[in-house]
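Let me see the structure of the following:
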Amino acid sequence: VQLVESGGGLVQAGGSLRLSCAASGISFSINSMGWYRQAPGNERELVAMVTSGGSTNYADSVKGRFTLSRDNGANMMSLQMNSLKLEDTAVYYCNVQRLYSDYLGQSHDIHYWGKGTLVTVSS
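Next up is the predicted model:
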């Protein structure tokens, strides 16, 4: 599995950026796809995710500003980020989650990650 993010960069506060994630090598059912971010000194946190059923969840801090979209057929996902704030500065990671049970009935929860793309919001 390979996840490649693009679209990061430097933007002024109040501006917009669009991140994209292209997934390849996926031969299984995806439980969810999402974006996480990690700012310096902070833990990685969920930004937005979409489940296989089409439900989308957003972190409270980005609701109303960020919009996640997914092209199921192409295994691509985008994150439109508007009204960016200084606190949105972070490395943004694309994530794919796979949930399955093996022949013994044991559940497996596997996460795949991209290398990340840096978003810097300046004042």
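
taking the mean pLDDT, what do you get for the longest strand seen in the chain?
Longest strand of the chain, by residue count under DSSP state E: strand 90-101. The average of the pLDDT scores along strand 90-101 is 96.

now swap in stretch 22-32 and tell me
Averaged across stretch 22-32, the pLDDT comes to 90.

Show the contacting residues for the most centrally placed residue in the chain.
Nearest residue to the geometric centre of the chain (CA atoms, centre = their mean): Trp35, 1.4 Å. Contact analysis of Trp35 by CB atoms under 8 Å, 6 or more residues apart in numbering lists 19, 21, 46-49, 68, 77, 79, 92-95. From N, CA and C alone the C-beta is placed, and that goes for glycine too.

Bridge partners for it, pull those for me.
For Trp35, the beta-bridge partners are Ala48, Cys94 (DSSP bridges).

I'd like to know how far it sits from Gly54.
Using CB to CB, to the nearest Å, we find Trp35 at a distance of 16 Å from Gly54.

before we move on, the earlier item: buried ones only from the contacts of Trp35, please, as a PyMOL command.
Those of the contacts of Trp35 that count as buried under 16 or more other CB atoms under 10 Å are selected in PyMOL with:
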select buried, resi 19+21+47+48+49+68+77+79+92+93+94+95
